[in-house]
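Novice: okay, predicted coordinates and the sequence, questions at the end:
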Amino acid sequence: MENHEQQLRRLICEIGKNLFNKDFVAANDGNISARLSATEVLASPTGVSKGYLEPHMLVKVNLQGDILEAAEGYRPSTEVKMHLKIYNELPEMNGVVHAHPPYSTAFAIKGEALDKMLMPESVIAMGDIPLAKYGTPSTNEIPDSLEPFLGKKTAVLLESHGALTWGKDVMSAYMNMERLEFTAKLTYLARMLDGERELPQHRIDELVALRSFYGM
Ligand SMILES: [Zn+2]
């Protein structure tokens with residue numbers, strides 16, 4: 001029987017494969033993490049393709065980013081800082097995914113938030129997806145840029161960079177990344193068909209009311 005840590009390590013690797021197979025990351029880009037305990041986080045290492053992650057490669061850090069455990073040759077990404085921002089500020093959030101999905105990243109580069117209410121599931125699950133201000137990777141600029149959205153959102157575009165999602169567990173963080181990219185792709189496709197059309201306000205209100213029904 002696998003213990004909790006082994007299960008979590010395996011799940012992170014599966015999510016890595018999905019990100020890779022869906023073209024949400026290129027080369028060694030992107031990173032995935034999950035809260036393991038009150039003081040420990042498991043994170044994908046730097047320099048490894050998310051399509052080829054193996055459980056033993058994951059590194060264990062504390063909430064300050066100090067390495068607690070890492071196999072030889074593996075160390076955390078400098079982008080782990082934005083993950084730790086979520087874990088430190090939002091105790092109920094236990095998973096974070098960062099990727100560069102092409103449609104989402106195109107909007108992030110254009111500098112356009114995904115704030116149109118286009119279809120029921122995304123209105124219920126996500127609402128608008130804001131754009132977090134540009135920051136240089138590895139500095140505190142990206143974690144700081146998340147500040148306005150903490151406790152309000154679970155998905156943001158990172159200006160001129162990519163996307164970041166989080167959730168109650170690492171699987172929901174991953175699902176939010178899929179939803180975000182789907183919304184970006186739909187927005188793009190609808191625009192190619194002469195322009196996206198928002199749901200009428202009273203329909204949006206009905207969907208927002210359903211959120212509590214779905215426990216969101
Ligand atoms: Zn990145």
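Specialist: Now that the structure is in, tell me what you want to look at.

Novice: what's downstream of the helix or strand bottoming out on mean pLDDT in the chain, the next helix or strand?
Specialist: For the chain, using mean pLDDT, DSSP states H and E, the weakest element among its helices and strands is helix 120-125, scoring a mean of 83. Heading C-terminal from helix 120-125, the first helix or strand you meet, by DSSP states H and E, is strand 131-132.

Novice: need the residue closest to the centroid of the protein.
Specialist: Against the mean C-alpha coordinate of the chain, by C-alpha atoms, centre = their mean, the closest residue is residue 165 at 2.2 Å.

Novice: picking up where we left off before, check which residues of the least confident helix or strand of the chain are buried.
Specialist: The neighbour-count criterion (16 or more other C-beta atoms under 10 Å) identifies 122, 123, 124, 125 as the buried residues of helix 120-125. C-beta here means a position set from N, CA and C on the backbone, and glycine is covered the same way.

Novice: and what of stretch 60-68?
Specialist: Along stretch 60-68, these residues count as buried under the neighbour rule (16+ other C-beta under 10 Å): 60, 61.

Novice: how about the helices of this protein, start to end?
Specialist: Secondary structure of the chain (DSSP state H): helices located at 4-21, 80-89, 102-110, 120-125, 141-146, 170-192, 201-213.

Novice: ranking those helices by burial, who's on top?
Specialist: Each of the helices of the chain was scored by mean neighbour count; the highest is helix 80-89, a mean of 21, by mean count of other C-beta atoms under 10 Å.

Novice: contacts for it next, please.
Specialist: Applying C-beta atoms under 8 Å, 6 or more residues apart in numbering, the external contacts of helix 80-89 come out as 31, 33, 35, 41, 43, 61, 63-65, 93-94, 96, 98, 138, 140, 142-143, 146, 150-151, 164, 166.
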